[in-house]
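In: Okay, sequence plus prediction incoming.
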Amino acid sequence: GENVEQHPSTLSVQEGDSAVIKCTYSDSASNYFPWYKQELGKRPQLIIDIRSNVGEKKDQRIAVTLNKTAKHFSLHITETQPEDSAVYFCAASNNAGNMLTFGGGTRLMVKP
Amino acid sequence: EAQVTQNPRYLITVTGKKLTVTCSQNMNHEYMSWYRQDPGLGLRQIYYSMNVEVTDKGDVPEGYKVSRKEKRNFPLILESPSPNQTSLYFCASSLNPPLEQYFGPGTRLTVT
């Protein structure tokens, strides 16, 4: 089955700096890659996603890039703010689109 | 208000005592899923359901059962809980799997 690895497990940045979280996946048939944000004690919430026919997608300060050849995708957050502090999870779907495999998560801390 | 609800939110039980965690969604979603979240392991899919009476195993189904008799409900059943099932459990639903899964608030289960 699919295996998703996520790095780093923790990331600390100064407010205003950029943050990058990277994920690799194993199944070349995976075609959907979402990113979820989970604030402390809360449920995961989708923040951005990308499909395999697109190389990059942006939404304000957040962007995701996908390299299908290398089987990795990344989350980029620019101009970080304290409210960006959370755990971020990447995920990859199977080819059938009925399952998601998640990475282990990255705890992002934005210091004021 | 569109939402996914879970009950109970917190549960402490003993080994072997059968329990059920309920999940309900009011968005008329066909797809529902259960995940468990453990530190460093991200979210792992237990079972999912593509529609009423259609369920399938995820990555970690051992020790769990599910049923989908109605579109809105997807209960998770632990017939003989063991301490290694101590975890945070999330239910999720989606209109078009695997896109944009909406998560419930979570159920923290402790098995002693």
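Out: Done, it's in.
In: in chain A, which spans are helices?
Out: Taking DSSP state H as the test, none of chain A falls into helices.
In: Show the residue spans covered by the strands in it.
Out: A:4-7, A:10-14, A:19-25, A:32-38, A:45-51, A:56-59, A:62-67, A:72-77, A:86-93, A:100-102, A:106-111 (DSSP state E).
In: Format the ones you listed as JSON lines; extra columns: distance to chain B, mean neighbour count and mean pLDDT.
Out: Where you see a C-beta, it was placed from the backbone N, CA and C, and this is true even at glycine. Shown next, in JSON lines, are those (distance: least, CB to the nearest CB, whole Å; neighbours: other CB atoms under 10 Å in any protein chain shown; pLDDT from 0 to 100):
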{"stretch": "strand A:4-7", "distance to chain B": "7", "mean neighbour count": "18", "mean pLDDT": "97"}
{"stretch": "strand A:10-14", "distance to chain B": "11", "mean neighbour count": "13", "mean pLDDT": "98"}
{"stretch": "strand A:19-25", "distance to chain B": "10", "mean neighbour count": "20", "mean pLDDT": "98"}
{"stretch": "strand A:32-38", "distance to chain B": "6", "mean neighbour count": "22", "mean pLDDT": "97"}
{"stretch": "strand A:45-51", "distance to chain B": "5", "mean neighbour count": "17", "mean pLDDT": "95"}
{"stretch": "strand A:56-59", "distance to chain B": "13", "mean neighbour count": "12", "mean pLDDT": "95"}
{"stretch": "strand A:62-67", "distance to chain B": "14", "mean neighbour count": "18", "mean pLDDT": "97"}
{"stretch": "strand A:72-77", "distance to chain B": "14", "mean neighbour count": "21", "mean pLDDT": "97"}
{"stretch": "strand A:86-93", "distance to chain B": "4", "mean neighbour count": "25", "mean pLDDT": "97"}
{"stretch": "strand A:100-102", "distance to chain B": "4", "mean neighbour count": "26", "mean pLDDT": "95"}
{"stretch": "strand A:106-111", "distance to chain B": "10", "mean neighbour count": "17", "mean pLDDT": "97"}
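In: quick one, what contacts A:Ile50?
Out: Applying CB atoms under 8 Å, 6 or more residues apart in numbering or on different chains to A:Ile50 gives the contacts A:Tyr32, A:Phe33, A:Pro34, A:Glu56, A:Lys57, A:Val64, A:Thr65, A:Leu66, A:Phe73.
In: Look up the residues forming beta bridges with it.
Out: Using DSSP bridges, the beta-bridge partners of A:Ile50 come out as A:Phe33.
In: With A:Val4 instead?
Out: Legend: beta-bridge partners of A:Val4 under DSSP bridges are A:Tyr25.
In: by contact count, what packs against the helix or strand harbouring B:Leu11?
Out: According to DSSP states H and E, B:Leu11 maps onto strand B:10-13. Using 3 or more CB pairs under 8 Å, 6 or more residues apart in numbering or on different chains; DSSP states H and E, the elements in contact with strand B:10-13 are strand B:19-25, strand B:107-111.
In: Tell me the strands beside the longest strand along chain B, with direction?
Out: If you go by DSSP E, chain B has its longest strand at strand B:42-51. Strand pairing for strand B:42-51, determined by DSSP bridges: strand B:31-38 (antiparallel), strand B:54-57 (antiparallel).
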